[in-house]
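Q: Mind folding the following:
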Amino acid sequence: MVKLPDSVLTNIFTLQLQIVECIDATTATEFRILEQQGETSETLPELEELQSIRERLLSPYSRFHVLLLRAAESQPVATSDVLNLLYRSIDAAEATLDASIASLQEIQRNWND
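A: Presented below is the predicted three-dimensional model:
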């Protein structure tokens with residue numbers, strides 16, 4: 001495998017963990033809203049937003065998985081395209097995660113969750 005800097009690997013795995021935690025919190029919030037309020041005209045937009053948050057988070061998680069496998073299969077060095085994609089994916093994942101957390105927190109505040 002191409003030797004990626006430890007800081008890059010740590011950053012990626014930390015982001016993946018945060019993505020999984022955010023997906024879990026999003027799903028738990030959706031469950032609580034459905035359980036407490038049901039699917040109503042008031043809850044439907046936010047339930048749809050919660051589903052959208054989950055779907056947006058799956059993309060960077062999956063992208064890291066694929067790119068790390070490509071880097072692992074590259075010998076003796078990863079192509080610059082793979083490395084560039086990896087670094088851009090880190091930036092995109094951080095932005096997506098930050099936006100998702102903000103949206104989730106707003107929904108939780110709206111429903112006192």
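Q: The residue most central in space within the chain: what's it in contact with?
A: With distances taken as Cα atoms, centre = their mean, the residue of the chain nearest its centroid is residue 57 (3.1 Å). Neighbouring residues of residue 57 by Cβ atoms under 8 Å, 6 or more residues apart in numbering: 19, 22, 23, 26, 96, 97, 100. Where you see a C-beta, it was placed from the backbone N, CA and C, and this is true even at glycine.
Q: What segments of the protein are helices?
A: Under the criterion DSSP state H, helices of the chain are mapped to 6-37, 44-73, 80-110.
Q: want to throw these into JSON lines with mean pLDDT?
A: Putting these into JSON lines (pLDDT from 0 to 100) gives the following:
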{"stretch": "helix 6-37", "mean pLDDT": "95"}
{"stretch": "helix 44-73", "mean pLDDT": "93"}
{"stretch": "helix 80-110", "mean pLDDT": "93"}
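Q: okay, among the contacts of residue 57, which ones form the most distant pair?
A: Maximum pairwise distance in these, criterion Cβ to Cβ, is 12.7 Å, between 26 and 96.
Q: When those two are compared, which one has more neighbours?
A: Taking other Cβ atoms under 10 Å, residue 26 and residue 96 do not tie; residue 26 has more neighbours (24 against 19).
Q: thought the more buried one was touching residue 101?
A: No - here residue 26 does not reach residue 101: they are 9.5 Å apart, not a contact under Cβ atoms under 8 Å.
Q: list the residues that contact both of those two?
A: Shared contacts of residue 26 and residue 101, counting by Cβ under 8 Å, 6+ apart, come down to nothing at all.
Q: picking up where we left off before, Throw together a ChimeraX command that grabs the buried residues out of the contacts of residue 57.
A: Applying 16 or more other Cβ atoms under 10 Å to the contacts of residue 57, the buried members can be selected in ChimeraX as follows:
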select :19,22,23,26,96,97,100
